[in-house]
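[1] when you get a sec, could you give me coordinates for this:
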Amino acid sequence: MDRDPTQFDHDTGEAAEETLTANRTIDEEAAAIRSRADLLGLAWHERPVEADSAAIELVEPEVAVRLRIVPIMRRGHSLVLAMFDPLDTEAADEIAVLTGLPVEREGMDPGIFAELLRKHYGTTASKMADLLGGQTEADGDDLEHNLDAFETDDIHRMAEEPTLVNLVNLILIEAIQSRTSDVHVEPFENELTVRYRIDGVLHMQPPPPKHLQPALIGRIKIMAGMNIAERYVPQDGKISLRYEGRKIDIRVSTVPTLYGESVVMRILDKSQLRLDFDTLGIRPELQSAMDSLLAKPHGILLNTGPTGSGKTTTLYASLTRIFDPTKKIITIEDPVEYELPGINQMPVNAKRGLSFASGLRSILRQDPDVVLVGEIRDGETADIAIRSALTGHLILSTLHTNDAISSIGRLVDMGAEPYLVASVLEGLLAQRLGRRICEHCRTQVPMPEDIAARLPDTEAKTFGGKVWIGAGCDKCSGSGYRGRVGFFELIRITGDLRRAIAGGAVNTGIAECLPKSFRTMREDGMDRAREGVTTVPEVLRATQDAEEIFE
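    Numbers count the residues shown, from 1 in each chain. Below is the predicted model of the structure:
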């Protein structure tokens, strides 16, 4: 059976050993493979082995990476293969056909195998781009400024070239391994740039040659099921693939720009999504308050913040937390980012007339207990959500506001009556995301003067003259950060707040009714900075737009 090059159940790059050994699923898979290999009498390596250079040369890097094999020696007329999965007879048969030699399969512990693969077949996207760059550089100069000269058939042909296919595959593999959330492929006049968004910050990658632009973008569009002939209108598509035994969805978006199509690929890796409040960084007392809100039989709980602040993830964690077979839970989202077991999820489809408002109306006829509305965007959706809460449903949704208090004014601006908002609203959660300090290089240093100058004296004194930073190491690629953590503020609607909202108070008027125990996102973030979870600059960066009401 031929293998689909988009099905990435293989391993490459500098972080291969870390990826294999850190992933619990891979460890469990390796243990099961080892057990079956022992039953079949296949050899197993627990210590590093040396691979013969003559054997290595028999297999091309992209083949070894794709099949997860390393030829280590010739034994008589046979070729001995070290394999991540020695039970993968398809991979062994393919190597036998390619080399013309019978093969012997031997297993190897995941970490040792990953290092062996990296050592001998450390192919990276940048290396492959350099290789491809020398193939047609002479023709590239004329084509850089005349991309329209490519016919669709030419792009299709170039996009199906094995080396170009492998280049796109490696870009995606390296992005997944480096915990990238988005891959940006952007065309400019004289270059084609590739950037990875890691922990919320874009990182420039070695650029592919400019003349590969039509073929590279064409290949991505083919994989995403887009119209390769249409280059002048935005398109959306989806790539589904398997990597290291797990399913990964990639949402693809293209828009036409001055020098070609700009492509953004959103990587949705469910195995990396931890849907629990502890992982999100919600402190215990806030978790207790959230639990009491989620236990209510009806009402509205809103999660607010800008795009990319983790609102959907928090709502997913909330649904996971309250999931119970005795409850009917339905969501309507645009789009459905992750599939949640046991929960009915409906994607918005504007082309067919399915909006948040119309979908919510239909959902209510399904007799749900809990409804998640991906976003309240307009007055009609707000009105239906409010009336749904009044008739005995618990509604979870999001709004794009800078802080929790501003949500009330936004609902009123959409046309909702203040007295109705006051009667159904139960809680307002606002959040931001900041980068976590890398645990491997975390260290405490005297507070720099530039940081002290940005803090009020009373706030600066709480740090005792020292702050935590990440010094930079191999685990975090020298950035000092690895992963992200949330900064939260939660307003539970009390009797005083209901009266203030019903009386038309917004923002400052509502702020005066908040209990003394209320903590802003900045205060929550500074607690995390004092604990060494994040840094002061990260808290200031993430929350600088959310403090105006309290100043």
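[2] can you pull out the low-pLDDT segments for the stretch 201-350 of the chain?
    Within the stretch 201-350 of the chain, the segments meeting pLDDT under 70 span 244-245, 271-272.
[3] look up how far Thr313 lies from the most centrally placed residue in the chain.
    Nearest residue to the geometric centre of the chain (CA atoms, centre = their mean): Ser181, 3.6 Å. Look at Ser181 and Thr313: by CB to CB, to the nearest Å, they are 11 Å apart. Every C-beta, even on glycine, is put in place using the N, C-alpha and C of the backbone.
[4] Phe487 now?
    Computed with CB to CB, the distance linking Phe487 and Thr313 is 14 Å.
[5] state the distance from Asp109 to Ala37.
    The gap separating Asp109 from Ala37 is 11 Å, by CB to CB.
[6] ok, which stretches of the stretch 351-500 of the chain are strands?
    Here the stretch 351-500 of the chain has its strands, by DSSP state E, counting those that start in this stretch, at 370-373, 394-399, 425-437, 442-446, 466-470, 481-492.
[7] so for Thr163, which of these sits nearest?
    The closest of the strands of the stretch 351-500 of the chain to Thr163 is strand 481-492. By CB to CB, the value is 32.8 Å.
[8] now the closest one: average pLDDT?
    Strand 481-492 comes out with an average pLDDT of 94.
[9] sheet-wise, list the partners of it with their directions.
    Applying DSSP bridges, strand 481-492 is found paired with strand 425-437 (antiparallel).
[10] per-residue confidence for Val70?
    At Val70, pLDDT is 92.
[11] swap in Ala54?
    Per-residue pLDDT puts Ala54 at 90.
[12] ok now the helix or strand hosting it, how far from the chain's centre?
    Using DSSP states H and E, Ala54 sits within helix 53-56. Relative to the chain's own centre, helix 53-56 is displaced by 38 Å; criterion: CA atoms, centre = their mean, to the nearest Å.
[13] just the CA atoms of the helix or strand that comes right after that helix, as PDB, please.
    Next helix or strand after helix 53-56 toward the C-terminus (DSSP H and E): helix 61-67. Taking Å, rounded to 0.1, in the frame of the first residue of the first chain, the C-alpha atoms of helix 61-67 are listed here in PDB:
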ATOM      1  CA  PRO A  61      16.800  11.100   4.100                       C
ATOM      2  CA  GLU A  62      13.200  11.900   3.200                       C
ATOM      3  CA  VAL A  63      12.500   8.100   2.900                       C
ATOM      4  CA  ALA A  64      14.100   7.300   6.200                       C
ATOM      5  CA  VAL A  65      12.300  10.100   8.000                       C
ATOM      6  CA  ARG A  66       9.000   9.200   6.500                       C
ATOM      7  CA  LEU A  67       9.200   5.500   7.300                       C
END
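[14] would CSV of the strands of the stretch 351-500 of the chain with mean neighbour count and distance to Met346 be doable?
    Output for the strands of the stretch 351-500 of the chain, formatted as CSV (neighbours: other CB atoms under 10 Å; distance: least, CB to CB, whole Å):
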stretch, mean neighbour count, distance to Met346
strand 370-373, 26, 10
strand 394-399, 24, 14
strand 425-437, 25, 23
strand 442-446, 12, 43
strand 466-470, 19, 41
strand 481-492, 23, 26
